[in-house]
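Colleague: Pasting the sequence and the predicted model now:
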Amino acid sequence: MGKAAIMTPIYLSVAWTLMTSYQFFTQTTVESVTIFLQIYVPTIGVWLASRLDMIVFIHSFAWIFLLSSVIPSLILGKERGVLVQFGVCLTLTFLAFVIQDSIAGFNGALDQILGIAPLFQNPLLAATYLSLPYFLMIGFDIRSKRRLRNKVAFEIETDDFPKDAFIVEEDFREEEKIQEEEYIFQQ
């Protein structure tokens, strides 16, 4: 429990930073990629431009989904209840809105954060930024499958229980019966 108490504020801070930054920069990155595609693949670019809000929602949802899945499992472990996970996710969402509003109240603080938005007008950087949650999800899936495979392999290697223990026990019972019958017969 000590590790969780120390790491929880760190996890929540990282989650809040990522959630807030994604809210600030998703619109810019989607527009950058769409403009780039309109130049080189006009059909797809026009189709994306007509559905810009939906695409921004999908990419924002991917980031929120990733954080709402990973952060509670890091804090609470794999054995968490649905209500507890909901509480953690609700807290993260609430903190994102509260702190975003409080930053907007400071003169210049929000402008400094949004000052890096022009970096995301580079289509390559924008595409990388948009694909980051998907790469992380794939990485987490691969990592969990490896851990599961290693755990199963470890359990197989450390299985010290002899496979023929029950066979020996059955043989022993039969031998006892034969001895009892011989004893009874001798009397």
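Modeller: It's in.
Colleague: what about the residue nearest to Leu74 when sequence neighbours are not counted, helix or strand, and which?
Modeller: With sequence-adjacent residues excluded and distances taken as Cβ to Cβ, 6 or more residues apart in numbering, Leu74 is closest to Tyr11, at 5.4 Å. Quick note: C-beta positions are derived from backbone N, CA and C, even for glycine. Using DSSP states H and E, Tyr11 falls within helix 2-40.
Colleague: what's around Leu18, how many residues?
Modeller: Per other Cβ atoms under 10 Å, the neighbour tally for Leu18 reads 20.
Colleague: That one and Trp63 touch, don't they?
Modeller: Yes - with contact defined as Cβ atoms under 8 Å, Leu18 reaches Trp63; the gap is 6.8 Å.
Colleague: Break down this structure into its helices, ranges please.
Modeller: Using DSSP state H, the helices of the chain run over 2-40, 42-50, 52-76, 82-105, 109-114, 123-157, 165-186.
Colleague: With mean pLDDT added, can I get these in a markdown table?
Modeller: Converted to a markdown table, these look like this (pLDDT from 0 to 100):
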| stretch | mean pLDDT |
| --- | --- |
| helix 2-40 | 79 |
| helix 42-50 | 90 |
| helix 52-76 | 79 |
| helix 82-105 | 69 |
| helix 109-114 | 61 |
| helix 123-157 | 84 |
| helix 165-186 | 65 |
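Colleague: how far away is the residue nearest to Leu67 when sequence neighbours are not counted from Leu125?
Modeller: In space, and not counting its chain neighbours, Leu67 is closest to Ala15: 4.9 Å by Cβ to Cβ, 6+ apart. Computed with Cβ to Cβ, to the nearest Å, the distance linking Ala15 and Leu125 is 22 Å.
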